[in-house]
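1. Need coordinates for the following:
(one chain, ligands or ions: 2)
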Amino acid sequence: MPNPRQATHPTSIRQRLLRLAPYFVHQKWVWALAIGATLVAALTEPLIPALFQPLLDNGFAENQLPLWSIPLAVIGLFTVRGLAHFVAQYALARITNDGMEKLRGDLFAKLVRADVSLFSRQSASALSNTVVYEVQIGASQLVSALIGLSRDGFTLLALVGYLMWLNWQLTLVVFTVAPGLSWIMKVLSRRLYSLTKESQKATDDLAYVVEENVLAHRMVRLHGAQAQQIGRFNALGQRLRRLALKSTAASAAMTPLTQIMSSIALSLVLVIALVQSREVGSGATVGGFVAFITAMLMLIAPIKRLADVANPITRGLAALERGLALMHDAPEETQGQHEVERVRGALEWQDITVQFNPEGDAALAHIDLSVRPGETVALVGASGAGKSTLIQLLPRFLNPSSGQVLLDGVPLPMWQLGSLRRQLAMVSQDVVMLNDSLAVNVSLGQTPDREKVRQCLEAANLWPHVQTLAQGIDTDLGHNANQLSGGQRQRLAIARALYKDAPILILDEATSALDNESERLVQEALQKLMQGRTTLIVAHRLSTIEHADRVIVMERGRIVEQGTATELLARGGAYSRLRQRGDGADTAQTRQPS
Ligand SMILES: Nc1ncnc2c1ncn2[C@@H]1O[C@H](COP(=O)(O)OP(=O)(O)OP(=O)(O)O)[C@@H](O)[C@H]1O
Ligand SMILES: [Mg+2]
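-> Numbers count the residues shown, from 1 in each chain. Ligands and ions are numbered 1, 2, ... in the order given. This is a model prediction of the structure:
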């Protein structure tokens with residue numbers, strides 16, 4: 001496996017560019033076009049000062065130039081130059097956007113397949129920053145800087161070539177400033193790189209505060225936490241502002257410094273040129289001198305841009321490397337080969353320990369449990385006992401610290417994940433819906449069969465509500481189905497589990513948000529669904545588990561009791577204490593208004 005540290009900090013710029021190459025060089029002919037057009041555009045540059053020489057020497061002085069040739073040369077030159085610029089620009093956009101699309105696509109594909117631990121390490125806003133903005137900024141800055149580099153490089157070469165041809169001694173003077181220039185560029189670009197990295201982090205933090213305040217907008221208002229949140233945001237905003245100013249200072253220093261360097265060269269050249277022209281028999285003409293100075297002055301623009309090129313390259317690389325780092329730091333979920341169309345549904349937890357943090361208590365400690373195919377098992381216990389943790393192991397959203405879980409006798413890591421997860425229908429404690437239509441949410445991952453969607457909604461007792469919606473099952477639900485009540489969302493999650501029709505059913509507090517009447521109706525549907533399926537139910541309302549074949553009582557990560565509800569009640573142990581203590585207070589008898 002590549003070492004992520006090494007992968008994100010390769011030594012040279014060349015190496016770093018090479019790692020990005022696969023995304024930006026797949027269309028070689030576009031590159032050829034871009035570079036070809038750039039080359040043509042660059043070659044037209046010295047032609048402009050070159051035009052002055054015959055114009056001044058022959059046109060004015062000796063009146064030998066035919067008049068028609070002047071517009072022909074000028075218009076012709078600018079047409080070629082313009083066309084070349086257009087083609088180069090377009091090809092550049094092609095390269096950038098194609099590369100960006102590919103990289104973004106790969107990143108998103110990586111995101112949806114990544115091991116779930118990624119999401120505890122990186123926030124949603126940081127990930128969306130990487131995939132959406134950083135890639136965009138990086139690709140456009142980098143590619144345009146590279147093309148600029150080649151354009152200005154070629155222009156520079158063409159102009160220098162022309163200058164050499166005009167007067168090589170003078171031209172050599174220009175090169176005396178080169179070492180100074182390169183040193184300035186190196187120092188400043190190093191500083192820019194570290195500032196860019198820091199700014200990325202600061203931008204993430206800022207976006208994270210916004211994300212959180214959107215999610216928790218009600219709580220923030222209810223608790224009057226606005227001032228606190230504004231303070232938090234402003235502190236981060238200030239940090240970002242400082243960093244932005246620092247990096248502006250670094251990049252803005254580049255221009256005047258290079259200009260001073262250029263002016264040194266320019267003044268030297270002017271002095272020497274004038275001295276040379278005074279020598280008799282030097283062959284110097286006014287046209288030649290004007291052409292030289294014009295070409296000289298034309299050097300400044302590309303030199304200035306070349307001096308600045310480190311800036312966008314550095315920024316672009318830093319941004320794209322963040323994308324690459326995501327690729328490297330987000331390993332895909334590991335899986336095996338085992339595939340089965342439909343399992344029998346035998347589950348077994350063997351000596352399972354789950355330890356979230358090394359210092360704290362284990363969330364699950366040496367759990368042994370086996371569930372027969374078709375059996376309905378209820379998990380009860382105080383909050384934090386480890387019920388959800390036990391369940392999260394099944395779809396491998398979590399991997400045990402030690403021990404193994406088996407499905408139909410095959411350890412979970414040996415299963416092909418798709419096949420494993422197809423066997424599980426789950427209504428979890430926190431219902432999450434996509435911002436899409438009701439039908440799409442119910443049939444998630446499959447093409448909606450409208451009749452089946454309707455049946456599932458009916459069974460989940462949500463159909464009466466859906467009928468009141470103008471667009472029925474095509475209604476868009478909004479962000480996390482905000483347009484539904486808590487209980488309606490839960491029934492929608494149940495409809496989704498019904499639609500999946502999997503051999504193993506997992507209900508983690510699936511009916512906790514429902515009123516008695518809805519719960520009774522949904523319970524009937526669930527009861528029917530449980531027939532012939534292995535079912536795990538977690539419930540605080542002990543009434544909802546009356547029909548379970550077996551009740552498992554958990555306490556602080558351990559199984560402390562198991563048996564049928566009646567047996568356990570008769571035994572007067574942990575289960576009966578739970579019931580008496582009021583975890584079961586919400587039972588059919590006591591739920592009636594008193
Ligand atoms: N992602 C996590 N990181 C660290 N600790 C965790 C994580 N998830 C759960 N825990 C801890 O593991 C223990 C068991 O949590 P779990 O969610 O399994 O409880 P539970 O029995 O489902 O409780 P509840 O009835 O409240 O849903 C808790 O002490 C909890 O703090
Ligand atoms: Mg739980």
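
2. For the stretch 401-550 of the chain, which residue gets nearest to ligand 1?
-> Residue of the stretch 401-550 of the chain nearest ligand 1, by CB to the nearest ligand atom: Q429 (5.6 Å). Backbone N, C-alpha and C define where each C-beta goes, glycine included.

3. Helix, strand, or coil at that residue?
-> coil (DSSP: H, G, I helix; E, B strand; the rest coil).

4. quick one: contacts for it?
-> S388, D508, E509, V538 (CB atoms under 8 Å, 6 or more residues apart in numbering).

5. Could you give me the buried positions within the helix or strand containing L206?
-> Assessed by DSSP states H and E, L206 sits inside helix 178-215. Buried residues in helix 178-215, counted by 16 or more other CB atoms under 10 Å: 181, 184-185, 188-189, 191-193, 195-200, 202-209, 212-213.

6. what is the mean pLDDT for that helix?
-> What helix 178-215 shows for mean pLDDT is 84.

7. and what of stretch 423-439?
-> 88.

8. now do stretch 141-158
-> Stretch 141-158 comes out at a mean pLDDT of 84.

9. Likewise for stretch 107-125?
-> 87.

10. so how far is the first residue of it from its last?
-> Using CA to CA, to the nearest Å, the end-to-end distance of stretch 107-125 comes to 15 Å.

11. Which residues does it contact?
-> 127, 130-131, 135, 204, 207-208, 210-211, 323, 326-327, 329-334, 397-398.

12. chain center to it, what's the gap?
-> When distances are taken as CA atoms, centre = their mean, to the nearest Å, stretch 107-125 is centred 8 Å away from the chain's centroid.

13. Only the buried residues of it, if you could.
-> L107, K110, L111, A114, L118, Q122, S123, S125.

14. Throw the residues you listed into TSV and include secondary structure and distance to N97, thanks.
-> Listed next are the buried residues of stretch 107-125 as TSV, based on DSSP: H, G, I helix; E, B strand; the rest coil; distance: CB to CB, whole Å:
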residue	secondary structure	distance to N97
L107	helix	15
K110	helix	20
L111	helix	21
A114	strand	25
L118	helix	27
Q122	coil	26
S123	coil	28
S125	helix	24
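
15. got those residues as CSV, with distance to ligand 1 columns?
-> Formatted as CSV, these follow (distance: CB to the nearest ligand atom, whole Å):
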residue, distance to ligand 1
L107, 25
K110, 22
L111, 19
A114, 16
L118, 13
Q122, 15
S123, 15
S125, 19
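
16. how about those, which pair is most distant?
-> In the buried residues of stretch 107-125, two members sit farther apart than any others by CB to CB. They are K110 and S125, at 17.6 Å.

17. Show me the contact partners of stretch 435-449.
-> Against stretch 435-449 from outside (CB under 8 Å, 6+ apart): 433-434, 450, 452-453, 456-457, 466, 469, 471-481, 492, 495-496, 499.

18. mind redoing it with 10 Å?
-> 421-422, 432-434, 450, 452-457, 460, 462, 466, 469, 471-484, 489, 492-500 (CB atoms under 10 Å, 6 or more residues apart in numbering).

19. Strands along this protein, start to end?
-> 347-354, 364-371, 376-381, 402-407, 410-411, 424-427, 504-508, 534-538, 550-555, 558-563 (DSSP state E).

20. any chance of these in CSV, with mean neighbour count and distance to ligand 1 too?
-> Output for the strands of the chain, formatted as CSV (neighbours: other CB atoms under 10 Å; distance: least, CB to the nearest ligand atom, whole Å):
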stretch, mean neighbour count, distance to ligand 1
strand 347-354, 18, 8
strand 364-371, 18, 8
strand 376-381, 24, 6
strand 402-407, 18, 15
strand 410-411, 14, 21
strand 424-427, 22, 13
strand 504-508, 24, 7
strand 534-538, 25, 7
strand 550-555, 22, 7
strand 558-563, 17, 12
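
21. Please identify which of these is closest to L222.
-> Per CB to CB, nearest to L222 of these: strand 504-508, 27.2 Å.

22. Least confident of the contacts of Q429?
-> E509 (86).

23. And stretch 476-492, end to end?
-> Per CA to CA, the first residue of stretch 476-492 is 13 Å away from its last.

24. Which positions in that stretch come out as buried?
-> L477, A481, L484, G487, Q488, R489, Q490, R491, L492.

25. nearest to ligand 2, of the residues you listed?
-> Nearest to ligand 2, judged by CB to the ion, of those is Q490 at 14.4 Å.

26. who are the neighbours in contact with that closest one?
-> 427, 429, 431, 460, 462, 484, 509-514, 518-519, 522.

27. Can you flag which of the residues you listed belong to helices?
-> S518, E519, V522 (DSSP state H).

28. How about the second one: what's its closest non-neighbour residue?
-> Computed as CB to CB, 6 or more residues apart in numbering, the closest residue to E519 that is not its neighbour in sequence is T511, at 4.8 Å.

29. For that neighbour, the count of nearby residues, please.
-> Using other CB atoms under 10 Å, T511 is surrounded by 22 other residues.

30. In contact with Q527, which residues?
-> Taking CB under 10 Å, 6+ apart as the test, what Q527 contacts is T376, T535, H547.

31. Is the first one in contact with T544, as I believe?
-> No: counting by CB atoms under 10 Å, T376 does not reach T544; the two are 11.4 Å apart.

32. Need the overlap of contacts for these two.
-> L507, I537.

33. And the furthest pair within the contacts of Q429?
-> Longest span within the contacts of Q429, CB to CB: S388 and E509, 8.5 Å.

34. Which neighbours do those two have in common?
-> S428, Q429, D430, V538.

35. and ligand 2, which of the residues you listed contact it?
-> The residues of those that also fall near ligand 2, by CB under 5 Å from the ion, are Q429.

36. if we can go back for a sec, closest one of the contacts of Q527 to M414?
-> Out of those, the member with the shortest distance to M414 (by CB to CB) is T535, at 23.8 Å.

37. hang on, the earlier thing: the strands of the chain: which one's closest to V177?
-> strand 347-354 (65.3 Å).

38. relative orientation of that closest one and strand 558-563 in degrees?
-> Relative orientation of strand 347-354 and strand 558-563, computed by axes from the mean of the first three to the mean of the last three CA atoms, to 10 degrees: 150 degrees.

39. Provide the strand pairings for strand 347-354, with the direction of each partner.
-> Paired strands of strand 347-354, with direction, are strand 364-371 (antiparallel), strand 402-407 (antiparallel) (DSSP bridges).
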